[in-house]
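A.B. asks: predicted structure and sequence below. I'll ask about it afterward.
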Amino acid sequence: MSQQVQGVIAPGKNEPVRIETIVIPDPGPGEAVVKIQACGVCHTDLHYKQGGINDEFPFLLGHEAAGVVESVGEGVTDVAPGDFVVLNWRAVCGQCRACLRGRPWYCFDTHNAKQKMTLLDGTELSPALGIGAFAEKTLVAAGQCTKVDPEVSPAVAGLLGCGVMAGIGAAINTGQVGRGDSVAVIGCGGVGDAAIAGARLAGAAKIIAVDIDDRKLETAKTMGATHTVNSRSTDPIEAIRSLTDGNGADVVIEAVGRPETYQQAFYARDLAGTVVLVGVPTPEMQLELPLIDVFGRGGSLKSSWYGDCLPSRDFPMLIDLHQQGRIDLGAFVTETIGLGDVEQAFARMHDGDVLRSVVVF
Ligand code: APR
Ligand code: ZN
Ligand code: ZN
C-alpha cells in the first residue's frame with residue numbers, strides 16, 4: 001500500500017517550484033513515515049532548485065522539519081507512531097570509521113530511506129538532504145527521527161534540523177566556546193545569529209557581531225551580541241582587536257563562506273585562538289594566506305559540518321533549554337507560511353528580509 005499527499009517539488013534547473021501529488025510508500029525495514037507539522041525554508045533548498053547541489057531533478061524540497069511519526073517499518077525500535085520528532089540529516093550508522101572511533105557527529109555513512117517517493121507517473125523524487133519535508137508526509141530512515149519534548153511548537157523545533165543547529169553547534173561543539181571567552185561572529189544571517197545565541201548560552205563574555213547590513217546587526221543584538229561592527233564602513237579586524245584589548249577574539253566564527261571573510265576571521269582571532277568556518281563556500285573559491293602566519297598564529301582552524309551535532313544528544317537538550325527560557329529558538333521564526341508560498345519565501349530570503357520562513361501544515 002502507498003498513500004498520496006501534496007508536496008513542493010523543484011522540477012528542473014531554475015524552474016519555479018510547484019505543488020504536486022507525491023506517492024509515499026509504506027515504511028520498509030528501518031524506515032518511518034512522518035506527518036509533517038512544520039518545515040523551514042533554507043538556502044540549501046534554493047541551491048537544489050538552482051541546480052547547485054546536483055542534477056538529480058525532480059527534487060522534493062524541504063528539510064528543516066518537525067512532525068509526528070505515523071508508521072514505522074520492520075525492526076524500528078527507537079521511535080513509534082505518535083512520537084513527536086525533529087528530522088535530521090545525520091542518522092549515524094554506528095559502523096563507519098568515525099563512528100567506530102567514538103566520533104559519531106562526523107559519521108561518514110548516514111542513513112536515508114531506501115525506498116523512493118515518486119510522482120503519480122512513477123518518476124522518482126530526490127528528497128532534499130534525504131528528507132523532503134515540504135510535504136504533508138515524508139518517508140525517512142527511522143534514525144532520521146529524533147524525539148523531543150512534544151510541548152514545543154513544531155515551527156520552532158523543526159529549525160534544529162539544519163541552519164539553527166549548524167550555527168549553535170559551530171559555537172558550542174566545533175568552537176568549544178566556554179565561560180568568559182570572547183567570540184566574534186562574521187555574517188549575521190540565520191546561521192550567524194544562531195552562533196551568537198550559542199555563544200551566549202555557553203557563557204561567552206564578549207560577543208562581537210560583524211555584518212555589512214545594519215538591519216542584521218540590530219537583530220544580532222537581540223540574539224546576544226554585546227558589540228556590533230559594520231564591516232562595510234569599519235575594518236573588522238581592527239575593530240575586533242580593539243574590543244579585545246588589542247589581542248583578537250578567542251573564537252571567531254565565519255558564517256558567510258567567502259575567502260575575504262575567512263581572512264578576516266583568521267586575523268581577528270587571538271594567538272592560539274580558534275577559527276570556525278560554518279559558512280559554505282562555492283567550489284571555485286580559493287584561499288591565500290602566508291604559511292608563516294598559519295604557523296606563527298597557532299591555534300586551530302576548523303570547519304563545522306551541521307554544527308558537528310549529534311542529533312540524539314543536541315536536539316532534546318536544546319529544546320529543553322528553549323522551554324526553560326535559556327535560549328530563544330522562537331526568535332528565528334520570522335513568519336509562518338503555507339505550502340504554496342515557498343517561491344515567495346525564496347525571494348524574501350534572497351533579499352535578506354527573513355531569518356526563517358516556516359511552512360506550517
Ligand atoms: N561580510 C560580513 N557579512 C556579510 C558579508 C561580508 N562580506 N557578505 C554577506 N554578509 C552577511 C549578510 O549580510 C547576511 O546577514 O552574511 C549574512 C548571511 O546570511 P544569510 O544569507 O541569511 O545566510 P545564512 O542562512 O545565515 O547562512 C550563512 O552558512 O550554512 C551556510 O550556506 C550557508 O553559506 C551560508 C552561511
Ligand atoms: Zn557512521
Ligand atoms: Zn538547511
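C.D. replies: That came in fine, so what should we check first? Numbers count the residues shown, from 1 in each chain. Ligands and ions are numbered 1, 2, ... in the order given.
A.B. asks: give me the residue from the stretch 51-200 of the chain nearest ligand 3.
C.D. replies: Nearest to ligand 3, among the residues of the stretch 51-200 of the chain, is C162, at 3.1 Å (Cβ to the ion). Quick note: C-beta positions are derived from backbone N, CA and C, even for glycine.
A.B. asks: oops, could you answer that again for the stretch 201-350 of the chain instead?
C.D. replies: Y306 (8.9 Å).
A.B. asks: how about the residue of the stretch 51-200 of the chain closest to ligand 3, what does it touch?
C.D. replies: The contact partners of C162, taken as Cβ atoms under 8 Å, 6 or more residues apart in numbering, are G40, C42, T44, H63, E64, W89, L129, Y306.
A.B. asks: these two touch, right, the second one and H63?
C.D. replies: Which is C42. Yes - between C42 and H63 there is a contact at 6.6 Å, judged by Cβ atoms under 8 Å.
A.B. asks: just confirm yes or no for stretch 266-285 near ligand 1.
C.D. replies: Yes - part of stretch 266-285 sits near ligand 1 under the criterion Cβ under 6 Å from any ligand atom, namely V278, G279, V280.
A.B. asks: ah, wrong one, I meant stretch 334-344
C.D. replies: No - using Cβ under 6 Å from any ligand atom, stretch 334-344 never reaches ligand 1; the gap is at least 10.7 Å.
A.B. asks: now do that stretch: distance to the chain's middle.
C.D. replies: From the chain centre to the centre of stretch 334-344 is a distance of 18 Å (Cα atoms, centre = their mean, to the nearest Å).
A.B. asks: domain map for this protein?
C.D. replies: Domain assignment for the chain, taken from automatic domain parsing, gives 2-161+328-360, 168-304.
A.B. asks: could those be laid out in TSV, adding mean neighbour count?
C.D. replies: Listed next are those as TSV, based on neighbours: other Cβ atoms under 10 Å:
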stretch	mean neighbour count
domain 2-161+328-360	20
domain 168-304	20
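A.B. asks: and those: which comes nearest ligand 2?
C.D. replies: Nearest to ligand 2, of all the domains of the chain, is domain 2-161+328-360, at 3.3 Å by Cβ to the ion.
A.B. asks: mean confidence for the closest one?
C.D. replies: The pLDDT scores in domain 2-161+328-360 average 97.
A.B. asks: now the end-to-end length of that domain.
C.D. replies: Using Cα to Cα, to the nearest Å, the end-to-end distance of domain 2-161+328-360 comes to 24 Å.
A.B. asks: hmm, it touching ligand 2?
C.D. replies: Yes - residues of domain 2-161+328-360 are located near ligand 2 by Cβ under 5 Å from the ion, namely C93, C96, C99, C107, D109.
A.B. asks: just those residues: which are in helices?
C.D. replies: Among the residues of domain 2-161+328-360 next to ligand 2, DSSP state H puts C99 in helices.
A.B. asks: kindly indicate which of the residues of domain 2-161+328-360 next to ligand 2 lies nearest R215.
C.D. replies: Nearest to R215 among these: C107, at 37.2 Å, using Cβ to Cβ.
A.B. asks: spit out the contact partners of the residue lying closest to that closest one once chain neighbours are set aside.
C.D. replies: Among residues not flanking C107 along the chain, V92 sits closest, at 4.2 Å (Cβ to Cβ, 6 or more residues apart in numbering). Counting by Cβ under 8 Å, 6+ apart, V92 makes contact with C99, P104, W105, C107, T110, G143, L310.
A.B. asks: helices of the stretch 151-300 of the chain, start to end?
C.D. replies: Taking DSSP state H, counting those that start in this stretch as the test, the helices found in the stretch 151-300 of the chain are 154-158, 163-169, 190-202, 214-223, 236-242, 259-267, 291-296.
A.B. asks: for the shortest one, give me every contacting residue.
C.D. replies: Helix 154-158 is touched from outside by 37-40, 64-67, 84, 86-87, 133, 148, 319, 322, 329-330, 332-333, 336, 358, 360, with contacts defined as Cβ under 8 Å, 6+ apart.
A.B. asks: from the stretch 1-150 of the chain, which residue is nearest to ligand 3?
C.D. replies: Ligand 3 sits closest to C42 of the stretch 1-150 of the chain, with a gap of 3.1 Å, by Cβ to the ion.
A.B. asks: so what's that residue up against?
C.D. replies: Contacts for C42 (Cβ under 8 Å, 6+ apart) come out as H63, E64, C162, G163, R356.
A.B. asks: make it 6 Å
C.D. replies: Residues in contact with C42 (Cβ atoms under 6 Å, 6 or more residues apart in numbering) are E64, C162, G163.
A.B. asks: give me the nearest residue to the last one, chain neighbours excluded.
C.D. replies: Among residues not flanking G163 along the chain, G190 sits closest, at 4.8 Å (Cβ to Cβ, 6+ apart).
A.B. asks: which non-adjacent residue is nearest H227?
C.D. replies: Once flanking residues are discounted, H227 sits nearest to I208: 4.6 Å by Cβ to Cβ, 6+ apart.
A.B. asks: now do R232
C.D. replies: Spatial nearest neighbour of R232, excluding adjacent residues (Cβ to Cβ, 6+ apart): I212 at 4.3 Å.
A.B. asks: was I right about the one you found contacting S233?
C.D. replies: No - taking contacts as Cβ atoms under 6 Å, I212 lies outside contact range of S233: 8.9 Å.
A.B. asks: can you classify the nearest residue to W89 once chain neighbours are set aside by secondary structure?
C.D. replies: Nearest non-adjacent residue to W89, counting by Cβ to Cβ, 6+ apart: L129, 4.3 Å away. Here L129 is recorded as helix under DSSP: H, G, I helix; E, B strand; the rest coil.
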